[in-house]
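1. Just need the structure, nothing else, for what follows:
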Amino acid sequence: MVNEPEKRGVSRSGIKPGTIKAEVVKILRAHPHGLIALDILRLLNETRKIPLERTSLSPQLSRLAKAGHIQRRGSL
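-> Model (predicted):
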């Protein structure tokens, strides 16, 4: 679930467009009921030229959650 609206350029939240974090926020906006990390990864990789590894996504999700941009629900 996404907590902050996206802006152009660097948003008030500090998320730069074109980054993994920005892509994750965009994906989660399109899925307001949330997704599991593997589904986010699959959707990211559908549009990326270079596939992203799960180990690269996890820290970005943690940073987004710590900054309050997304929320985790359920067990981890």
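
2. Can I get the top helix by length along the chain in CSV, CA atoms only?
-> Taking DSSP state H as the criterion, the chain has its longest helix at helix 54-66. This file holds the C-alpha atoms of helix 54-66, laid out as CSV (Å, rounded to 0.1, in the frame of the first residue of the first chain):
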residue,chain,number,x,y,z
ARG,A,54,15.1,-10.3,-5.4
THR,A,55,18.1,-9.4,-3.3
SER,A,56,18.1,-5.9,-4.9
LEU,A,57,14.4,-5.4,-4.4
SER,A,58,14.3,-6.3,-0.7
PRO,A,59,16.4,-3.4,0.6
GLN,A,60,14.4,-0.9,-1.5
LEU,A,61,11.1,-2.2,0.0
SER,A,62,12.6,-1.9,3.5
ARG,A,63,13.7,1.7,2.8
LEU,A,64,10.3,2.6,1.4
ALA,A,65,8.6,1.1,4.5
LYS,A,66,11.0,2.7,6.9
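
3. Can you give the contact residues for stretch 47-58?
-> 20, 23-24, 37-38, 40-41, 44-45 (CB atoms under 8 Å, 6 or more residues apart in numbering). For glycine as for every other residue, the C-beta is placed from the backbone atoms N, C-alpha and C.

4. now with 7 Å?
-> 20, 37, 40-41, 44-45 (CB atoms under 7 Å, 6 or more residues apart in numbering).

5. List the buried residues for it?
-> By 16 or more other CB atoms under 10 Å, the buried positions in stretch 47-58 come out as Leu57.

6. Would you map the helices across the protein?
-> So, for the chain - with DSSP H - the helices run 20-30, 37-47, 54-66.
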